[in-house]
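Visitor: Model the structure of this input:
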Amino acid sequence: MTSENATHGWVSHLTSFLVVVAALLGCGGGGGSTLPNGTPCGAVGQACCTGRTCTASGATCGNNVCQACGGAGQPCCDGRVCSAAGMTCAGNGQGTCTACGGAGQVCCAGSSCAGGDCCVTNTCTQSGSVCPGLGGTCSEGSCGTCGGAGQACCSSGGGGNGECTAGNLACVNSNCVACGTQGKACCAGDTCLVSGLACAGGTCAVCGGAGQPCCAGDICGSSGLVCAGGSCVDCGAAGQSCCAGRTCTASGTACGANGRGAADTCVTCGGSGEPCCASRTCTASGAECLTVGGGEQCALCGGSGQACCNSSRCDSNACCVASVQDDNATCVAAGSVCGQGIAGTCSAASCGGCGASGQPCCANNRCTAASTACSAGNCVACGGSGQPCCANRVCSATGTTCQGGGGGGATGTCQTG
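Guide: All right, here's what the predicted structure looks like:
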């Protein structure tokens, strides 16, 4: 088998392995997931889901949008994998899938080139040509007296580690030896050539199981495991790391945020000051899942001096008055001056002639009554299908999400789909 065919074979096996792992982690299919605020996510062209994940097969998260990956000229898929034949992941970071193996092209995985060409500083030199910077004529992957299997590593005389120019070899103790299989040295770029192996301490080892190294792309082979600190560890229970997509499996837990536990640790949820539980639910009496400091947290709301509940709702005809510094809003009791640049006194959720449905917007384009938002200078109903989104892009109509526009306030419209 030629080095090119061998490379294509292990890439195919690795891609299949990653697809199976993705299925175990719930990442298969064509989308259908949503973010906590109801925005569709995961399909190509949609926003990335929680934890920068995509649910569509052959998609990866880039710039917070799911995009196709693995084909020629496309971003590399997670784990720097390319699914198209004759491609390798080139470049730093996520990388781009680039044609490899031919003369003048980048070397394929395992530093391999087609037709007996030599891989010199990650570029394929045609057989019969002088190896640039190394001397010697390329033949069957060897640059004369160095770089081939069993030969000494080549050196440009510039110091540092030598290199091997034939495929699937690594320079170990100044000699070119086989690399990339279990128990063998890692190939160039700390890579392994067999699915289910990862480079750990310079050696290819079984990966993906509990206590084992993470596979390429920080992937573990079970939905109950997550990659943390380079190893696969148990996840999902209280006090454990969050699982993929920042999920927790134990009842009454959520992936920690807003100061309660590390951001990637499962903590108790639903109580006042705790993260919101699944589907934005809270267990504490009088608490709702609110946007706090850019995250979501269960907070007591509706009473005088408390945060406004969702859709700007306050109890006892109080007024929901937003801060002029940010979008945080507080309930002001009836009979009190609204404040925050609004001179009127709160009465029946109106601040002295502004803020209620059908009235002009108050200062800074604010409305103070429940389920209202400022549109064209007047307070109108919000949250229903076809209506403006309420504060913090909240929609109250079943099956609708806030679509279009930017963040906060009345920006966007509540729509289905």
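Visitor: For the helix or strand encompassing residue 343, give the mean pLDDT please.
Guide: Per DSSP states H and E: residue 343 is located in strand 342-347. For strand 342-347, mean pLDDT rounds to 94.
Visitor: and it, which strands flank it?
Guide: strand 337-339 (antiparallel), strand 350-351 (antiparallel) (DSSP bridges).
Visitor: before we move on, what SS does residue 364 have?
Guide: Per DSSP: H, G, I helix; E, B strand; the rest coil, the secondary structure class of residue 364 is helix.
Visitor: State the distance from it to residue 309.
Guide: In this view, residue 364 and residue 309 are 21 Å apart by CB to CB, to the nearest Å. C-betas here are computed from N, CA, C, even on glycine.
Visitor: neighbour count winner among the two?
Guide: With neighbours defined as other CB atoms under 10 Å, residue 364 and residue 309 compare such that residue 309 has more, 23 against 13.
Visitor: May I have the beta-bridge partners of the closest residue to that one other than its chain neighbours?
Guide: Among residues not flanking residue 309 along the chain, residue 301 sits closest, at 4.0 Å (CB to CB, 6 or more residues apart in numbering). Counting by DSSP bridges, residue 301 is bridged to residue 307.
Visitor: Quick one: mean pLDDT for stretch 84-100?
Guide: Regarding stretch 84-100, the rounded mean pLDDT is 89.
Visitor: residues in contact with residue 150?
Guide: 175-176 (CB atoms under 8 Å, 6 or more residues apart in numbering).
Visitor: my guess is it is in a strand, correct?
Guide: No. Counting by three-state DSSP, residue 150 is not part of a strand but coil.
Visitor: could the strands paired with strand 342-347 be laid out in CSV, adding distance to residue 75 and mean pLDDT?
Guide: Formatted as CSV, these follow (distance: least, CB to CB, whole Å; pLDDT from 0 to 100):
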stretch, distance to residue 75, mean pLDDT
strand 337-339, 50, 94
strand 350-351, 51, 96
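Visitor: you'd agree residue 225 is up against residue 234?
Guide: Yes. The criterion here is CB atoms under 8 Å, and residue 225 meets it with residue 234 at 6.5 Å.
Visitor: Which of the two has more residues huddled nearby?
Guide: A direct count of neighbours by other CB under 10 Å for residue 225 and residue 234 places residue 225 higher, at 26 against 16.
Visitor: measure the nearest residue to the more buried one once chain neighbours are set aside to residue 264 for me?
Guide: Spatial nearest neighbour of residue 225, excluding adjacent residues (CB to CB, 6+ apart): residue 232 at 4.5 Å. As defined by CB to CB, residue 232 lies at a distance of 14 Å from residue 264.
Visitor: show me what contacts the spatially most central residue of the chain?
Guide: The centroid of the chain falls nearest to residue 52 when counting by CA atoms, centre = their mean (1.4 Å). Taking CB under 8 Å, 6+ apart, we find residue 52 in contact with 61, 64.
Visitor: ok, now the one 10 residues further on?
Guide: Taking CB under 8 Å, 6+ apart, we find residue 62 in contact with 75, 94.
Visitor: try 6 Å
Guide: Neighbouring residues of residue 62 by CB atoms under 6 Å, 6 or more residues apart in numbering: residue 75.
Visitor: Report how many residues lie close to the nearest residue to residue 59 once chain neighbours are set aside.
Guide: Once flanking residues are discounted, residue 59 sits nearest to residue 66: 4.6 Å by CB to CB, 6+ apart. By the criterion of other CB under 10 Å, residue 66 has 24 neighbours.
Visitor: How about the one 3 residues further on?
Guide: Other residues within reach of residue 69, judged by other CB under 10 Å, total 25.
Visitor: Please verify my assumption that it contacts residue 77.
Guide: Yes. The criterion here is CB atoms under 6 Å, and residue 69 meets it with residue 77 at 4.1 Å.
Visitor: Right, I'll leave it there.
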